[in-house]
Each structure stands twice: as structure tokens, then as C-alpha cells.
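**Student:** Quick one, structure for this:
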Amino acid sequence: MEADLLVLGAGAKGAAIAMKSHAVNSVGLGPVAVSIVEAVGPAAAWRDGEGVTSSREVLGLGPSKDVGFPYQGERAFGAHGGAVDRAALELSWQSYLVETGRYAEWIDAGGPAVQRRVFGDYLGWVLARARNGVTIVRGRVVRVGLTRERERWMVEVAEREGSSRVTCGALALTGQGAPRRIAHDAEAAPRVLDCESGRMQIARVTEEQSSDIAIVGGGESALSCMEFVRARRPDARLTIYTASLPMSRVESFLENRVFSRPDDVDWTALSVSARRDFIARSDRGVFGTERVAPFGYDPECRFVAGRVTYVSAGADRGKVCVDCTSPAGTMRDEHDYVINCTGYDPLEQLRLLLTPDARAEVERQVGPLWHGAIDADATPIGRSLELRGMHPRVHLPGLAALSQGPGFSTLGALGLVGDRVLEPLVRAATKSSRREPLALGA
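**Tutor:** Reported below is the predicted structural model:
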């Protein structure tokens, strides 16, 4: 199989790229051939039992920020941007509600935010309809190498009936990435749980064995874990270790504009320190105000500002010891379990997927990337959300916050993710078909 672009993951960003591919093909800007490889099923991580949350949490963003938002196609597709936006509106959140007979109900309720599983159903609806030039492959990407000419990616996909290979001119990793790990000794391992399965493991053990639980992290998955554990262990002692002082999220039109329209604030012209400060205050380690409020008067919940450096087995083997460092020094405390909600690293996921030869070629073209050589946030990402300097392209929107804007690593600008990733493909398709060149780019 051959494709212009292969996308790993049929989640929100995968759905946005699929929809925008469908739109550009529908208005004649293609052909652009996109293959999406998904191991479980379309939007599986958004539905019950498949993701890092319970799927019952209410999203912090309203569903109007759907897979086409912010509908400013002219920035990527020039004079044809309006036609692309109109095609995209056919797969908008409002179109989904109209087709399913729930639009008036949602409007009468005030257009509220919805649960993750509800938005997941919308993403599944989009993926079922965005098929013009789009193919969904049910399988898992196990290895990524380069063709002999080093002009295209060679992707090996494990499927139920065997394996297949896809060659593509560009690769996009849209999932969360490889989970970040907490250093721990072998004896503590059974009590150091990961974010995906940790909640369910806690639910299966007795209350006596899980009366003191540590949660490491300060983002959405950590908050989801707090809610889940507290619902099932109402009297348990919860300790939340965050790398910095926890903050709550307060949105205004100013912050939202930066997420959805980074060009309007000239994000790339801001100093790196200013960009880091904005991300720290508005996205990283930030809890939703309404969701964190129930823990405000919870006497058995405490927050510790510091970085967990190591987890070791407790003296009686029934507990674990957590070492935490902060500007005030080093502290140690014991808990029954530790749940790791520190997040994921797309760069590490790429490293694990690449063959040794491909890994070496990436570093030859881009520079040192692996083994902690650079801060993952400082990965050089270009305007198309691509690893800058690498050919063939590999798109890493999850690492584009610092370089291109905070909305690319979140759900704040899904349509813009699709625009940026597809812009070079549409440019190439337009050139090869000898149409009148588009005025591409902002």
C-alpha cells in the first residue's frame, strides 16, 4: 500500500487530519492519499474503558471547537480556503447533532461542554464519513524504516490476519506518545501503577490495601485519576505530587486566541521564555477550576509541589517510599500505591518505532534527539508541525506547542492541525497536476 501521508492513531487529531483530507479532495485540491492506522478502533481512546480517563469526564473545551475549528482555511490554502472550510462544515459538531436529532436539545441546554465519550461518538461519526482519499487500517504500527532511496517511509503494520507494509511520503504521530516513567526499584514495581490501568487496579484491591494513594502529575489525566479514586475510596488519603505549584485554568478570549490563532499573536516572534511562561500558566500542570473545586475542602487530599525522583519498596513490602525534591530540599513519604500520571512523550514513541538505520538518519539530518540529549519541548518543529530538517517529513503535533503554538498539542485548534499538516501535500498535488498555483501560507 502507498500513501502520501500515514497517520498513527484515529483519535481527535487523526480525525481532524482525515476530515481536512476529505475536504481538500472534495473541492479538487488533491489528490491527497491518507492512511490512518488504528490498533483498537476509531476514537477508541475517547470511549469507555479504552483511554487514560474513564471517558465520563466533561471536557474543558466546548464541542464547538470541533475537528474543523477555527475554520480559517485561507491561511493554508489561499483563495481556496473558503471552499475547504465549507466542505469541513459538513462534518462539524453542529452537523453531527442535526443528523442525530440532538441539535435543539444541545442549544436549549446552553451549548454546554460534553463528556469525553460523547465527543468520542462525534469523532467516530467524522471518521466514518471522511473517506474521500482516506483509508483506515485496523492494526498496530510496529516498525518504521526508510526505503532504499531514503525518500519515503516504510511502515510495518501488524494486523489481525498478519502484517502489511505501507510506504508513505510523510508520517504523522497524533497519539499521546510513549508513557513517561518514574524511576523505581524492582520490588516497588507492583505498586507503581501507570495512568491507563492504574485506576482500575486500585478499584480491584481492598480498601485496607489502598487507603493511602499517591498520584504523580498535574494535568488532565492526574485530575481524572483523582476523581476516579476518590469516588471509589472516599476515605483514602490522596497525595498529589506536582512538579510546580498547582494552578487552576481560567480562560478568556485572550488565552483562547493564542490557542486557536497563533499567527494573530505572532507566536513564533515571542521570546522562548515568554512562550514557556504562557504554556506553564495556561496548559501544563493546570487543573480545571470546577473539577478541582470538590477537593478544596477535602481534609484527606494534599498537594506537594516537587518532582518525584525515585520510588522504592517500603520496609514492610506492603508500601512504597516516594522520594521528592523541591527547592526546599528532599522529602520522603510512604504510600500504599503510586499512580504515574506524568504524561507521554511523542519523541520517545518515535524513537521506539524507528529502525536503527532510520533513527541514525533522523539524527544525521536533524541533530541529536535521543537519550535526553535535548528537552522534548525544545524539539525543532516547523510550521507544518514537522520535525524541522527531516526528509521525508515526520509530523509531531504533540511537540509543537513551544515552536508553533499551544493549541497544537491540545484540542484547542484541531482544524489548524489538519491545515498545517496537509499544506505541503496540497502544494505538491497542485504543482504536479499543473493547476494554477495556490497562494499558500499565511
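
**Student:** Tell me how many other residues surround residue 211.
**Tutor:** Using other CB atoms under 10 Å, residue 211 is surrounded by 15 other residues. For the C-beta atoms, the positions are set from N, CA and C on the backbone; glycine is no exception.

**Student:** what does residue 333 give?
**Tutor:** Number of residues near residue 333 (other CB under 10 Å) recorded here: 15.

**Student:** Quick check: phi and psi on it?
**Tutor:** Backbone torsions of residue 333, given as degrees, to the nearest 10, read phi -150, psi 160.

**Student:** which residues does it contact?
**Tutor:** Shown in contact with residue 333 (CB atoms under 8 Å, 6 or more residues apart in numbering): 214, 239, 321-322, 324.

**Student:** could you redo the last one with a cut-off of 10 Å?
**Tutor:** 212, 214, 239, 241, 304, 319-324 (CB atoms under 10 Å, 6 or more residues apart in numbering).

**Student:** and if you look at residue 177?
**Tutor:** By CB under 10 Å, 6+ apart, the residues touching residue 177 are 343-350, 352, 376, 396, 398-399.

**Student:** can you list the weak-confidence ranges in the stretch 151-300 of the chain?
**Tutor:** When residues are selected by pLDDT under 70, those of the stretch 151-300 of the chain lie in 245-251, 285, 288.

**Student:** Likewise for the stretch 301-442 of the chain?
**Tutor:** Using pLDDT under 70, the stretch 301-442 of the chain drops low at 371-376, 433-442.

**Student:** Can you show me the strands along it?
**Tutor:** For the stretch 301-442 of the chain, the strands defined by DSSP state E, counting those that start in this stretch cover 301-305, 307-313, 320-326, 329-335, 337-340, 344-345, 393-395.

**Student:** so how far does stretch 228-244 reach from one end to the other?
**Tutor:** Start-to-end span of stretch 228-244 (CA to CA, to the nearest Å) is 23 Å.

**Student:** what's the answer for stretch 257-264, then?
**Tutor:** End-to-end distance for stretch 257-264: 8 Å, by CA to CA.

**Student:** and that stretch, which residues are buried?
**Tutor:** 258-262 (16 or more other CB atoms under 10 Å).

**Student:** any idea how far that stretch is from the chain center?
**Tutor:** Mean-position distance between stretch 257-264 and its chain equals 18 Å (CA atoms, centre = their mean, to the nearest Å).

**Student:** Which residues does it contact?
**Tutor:** With CB under 10 Å, 6+ apart as the test, stretch 257-264 has contacts from 61, 65, 69-72, 75, 251, 265, 267-268, 270, 275, 278-279, 282-283, 383, 400-401, 404-416, 442.

**Student:** what about 8 Å?
**Tutor:** In contact with stretch 257-264 (CB under 8 Å, 6+ apart) are residues 65, 69-70, 72, 75, 265, 267-268, 278, 282, 404-407, 410, 412-413, 416, 442.

**Student:** which of the residues in the longest helix along the chain are buried?
**Tutor:** Counting residues, the longest helix in the chain under DSSP state H turns out to be helix 414-432. Judged by neighbour count (16+ other CB under 10 Å), helix 414-432 contains these buried residues: 414-427, 429-430.

**Student:** Select the longest strand from the protein.
**Tutor:** Ranked by number of residues, the top strand in the chain under DSSP state E is strand 162-173.

**Student:** For the very next helix or strand once past that one, which strands pair with it and how are they oriented?
**Tutor:** The helix or strand immediately downstream of strand 162-173 is strand 178-179, counting by DSSP states H and E. Each strand paired with strand 178-179, and its direction, by DSSP bridges: strand 344-345 (antiparallel).

**Student:** got the contact list for the host helix or strand of residue 222?
**Tutor:** Secondary structure assignment for residue 222, by DSSP H and E: helix 220-232. Outside helix 220-232, the residues within contact range by CB under 8 Å, 6+ apart are 52-54, 57, 60, 195, 198-199, 202-203, 213, 215-217, 236, 238, 240, 242, 287-288, 291-292, 294-295, 298, 301, 339, 341, 343.

**Student:** Can you pick out the ones from those that are in helices?
**Tutor:** Residues of the contacts of helix 220-232 located in helices (DSSP H): 195, 198-199, 202-203, 291-292.

**Student:** Who's the closest spatial neighbour of residue 201, skipping the chain neighbours?
**Tutor:** Closest residue in space to residue 201, ignoring its immediate chain neighbours: residue 193 at 5.4 Å, by CB to CB, 6 or more residues apart in numbering.

**Student:** Which residues are in contact with the one you found?
**Tutor:** Counting by CB under 8 Å, 6+ apart, the residues that residue 193 touches are 201-202, 337-340.

**Student:** Select only the buried ones of these in PyMOL?
**Tutor:** Entered in PyMOL, the line below selects the buried ones among the contacts of residue 193, by 16+ other CB under 10 Å:
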select buried, resi 202+337+338+339+340
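
**Student:** Show me which of the contacts of residue 193 is closest to residue 84.
**Tutor:** Lowest distance from residue 84 to the contacts of residue 193 (CB to CB) belongs to residue 340, with 40.8 Å.

**Student:** Name whatever forms a beta bridge with that closest one.
**Tutor:** residue 194, residue 216.
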